[in-house]
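Visitor: Sequence plus the predicted model coming up.
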Amino acid sequence: MSMTDEKNPPKLLQSPIQIPNSVNKIKKPNPYTHIKRNVYLVKKRKRSTENLDNGMQCSCKICDKDCLCAMLNSICSSTCRCAKSCSNKPLHQRLVKRLRLSQTEKCGWGVKAGEDIKAGEFVIEYVGEVIDHKICRERVMKLEENGETNFYLCEIGGGLVVDATFKGNKSRFINHSCNPNCVLQKWEDDGETTTGLFAKSDIRKGEFITYDYQFIQFGMDQPCYCGATDCRGFLGAKPKPNSHARSQKIDGIVPKCIGLRVRVWWPLDQEFYSGTIVGYDTDSDKHRIVYDDGDSESLVMLNETWEFDRKEMATSLVSDNLHCEENPED
């Protein structure tokens, strides 16, 4: 090799390395503190010392889908007669499915299944800071002032909201879909309302996990990019009733239950009102409720904050008087 060759070695690269645009666009998720259980920034709801188990008891030897408590989305309490190995345990004690973060084409970060998941199986608990509506409004206003368009808010009733903006787990990255493969359920756990994601259908490893946000608007309509064939176009749009949807359970609860006692939250009065479901209209997907004070109204229960009158519901199930059917004459 000549001196000239040593001073001028061959150029192995004639141009800079070209990084694909898709790689350039990847942005790390906003930092947050990982937690396993909800962190309350407001006082928890007090339980009556005379009703520590919320009126819920089961006598199962092995708690399965027929467990009285599980049917009502209530964790088995210390007064239940089931074994210590009871499977109807608090959400934070259940085995979380293997999940991994993954970049989506249009919806930022999402969550993919790290294993096959069967329909009905528990996926993950949605956790965050539990705040009231006042704190929620203040946080939303501050986020909007900073130009933030992503919200991690989940209303759990009783004037409380789970906010996973600053503290949470992988569930905060799960995206919305108008045709989701999971459903968000509310569970009563020793007087506390918890929320968990359960598979609506079989989910294959590598498939994105999604659920219907039932989005509450904080300003202008936000376009939906879920890509479902029946996409509603905007996150604020409510699902249209159809025969398939009406045949399913809403948040794990039978949708057309005539004669059952419920408690409906009235935001203006900031309290629950008790009443009885007396009818169901298949065309409007509305339940007719007669309240104890004599007033009545028809409601789309998906759009309301409500709960079963659990003590009376338990009595009805135990006595086998549960009567669920469509009422065409609403």
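Guide: Structure's in. What do you need?
Visitor: Report the backbone C-alpha coordinates of the lengthiest helix in the chain in CSV.
Guide: For the chain, the helix reaching the highest residue count under DSSP state H is reported as helix 133-145. Output of helix 133-145 as CSV, limited to C-alpha atoms (Å, rounded to 0.1, in the frame of the first residue of the first chain):
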residue,chain,number,x,y,z
HIS,A,133,-64.8,16.3,39.9
LYS,A,134,-63.4,19.6,41.2
ILE,A,135,-59.8,18.4,41.0
CYS,A,136,-60.6,16.8,37.7
ARG,A,137,-61.8,20.0,36.1
GLU,A,138,-58.7,21.8,37.4
ARG,A,139,-56.4,19.2,35.9
VAL,A,140,-58.2,19.2,32.6
MET,A,141,-58.0,23.0,32.3
LYS,A,142,-54.3,23.0,33.1
LEU,A,143,-53.6,20.2,30.6
GLU,A,144,-55.6,22.0,27.9
GLU,A,145,-53.6,25.3,28.6
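Visitor: and that helix, what does it pack onto?
Guide: For helix 133-145, the elements it packs on are strand 160-163, judged by 3 or more CB pairs under 8 Å, 6 or more residues apart in numbering; DSSP states H and E. Yep, even glycine has a C-beta here, placed from its N, CA and C like the rest.
Visitor: So what touches the strand it packs on?
Guide: Strand 160-163 is contacted by residues 38, 42, 126-133, 136, 139, 152-156, 193, 195 when judged by CB atoms under 8 Å, 6 or more residues apart in numbering.
Visitor: go on, stretch 127-139?
Guide: So stretch 127-139 is contacted by 35-42, 92, 152-154, 156, 159-169, 171-172 (CB under 8 Å, 6+ apart).
Visitor: low-confidence ranges in the stretch 51-200 of the chain?
Guide: 51-56, 65, 83 (pLDDT under 70).
Visitor: re the thing from before, so which of the contacts of strand 160-163 sit within helices?
Guide: Going by DSSP H, the helices hold 133, 136, 139 from those.
Visitor: Check the spacing between the first one and W187 real quick.
Guide: So that's H133. Here the criterion is CB to CB, to the nearest Å. By it, H133 lies 22 Å from W187.
Visitor: Compare those two and say which is more crowded by neighbours.
Guide: Taking neighbours as other CB atoms under 10 Å, H133 and W187 compare with W187 leading, 22 against 13.
Visitor: Enumerate every residue touching the more buried one.
Guide: So W187 contacts 73-75, 91, 193-196 (CB under 8 Å, 6+ apart).
Visitor: which SS state does it fall under?
Guide: When classified by DSSP: H, G, I helix; E, B strand; the rest coil, W187 comes out as strand.
Visitor: Show me the beta-bridge partners of it.
Guide: W187 forms beta bridges with T194, as assigned by DSSP bridges.
Visitor: Give me the neighbour count for the closest residue to D202 other than its chain neighbours.
Guide: Spatial nearest neighbour of D202, excluding adjacent residues (CB to CB, 6 or more residues apart in numbering): A119 at 5.3 Å. A119 has 12 neighbouring residues, counting by other CB under 10 Å.
Visitor: isn't A119 right up against V183?
Guide: No: counting by CB atoms under 8 Å, A119 does not reach V183; the two are 10.4 Å apart.
Visitor: which residues do these two both contact?
Guide: K200.
Visitor: Counting neighbours, show which residues of the lengthiest strand in the chain come out buried.
Guide: Looking across the chain with DSSP state E, the single longest strand is strand 271-281. Within strand 271-281, the residues that qualify as buried are 272-273, 275-277, 279-281, counting by 16 or more other CB atoms under 10 Å.
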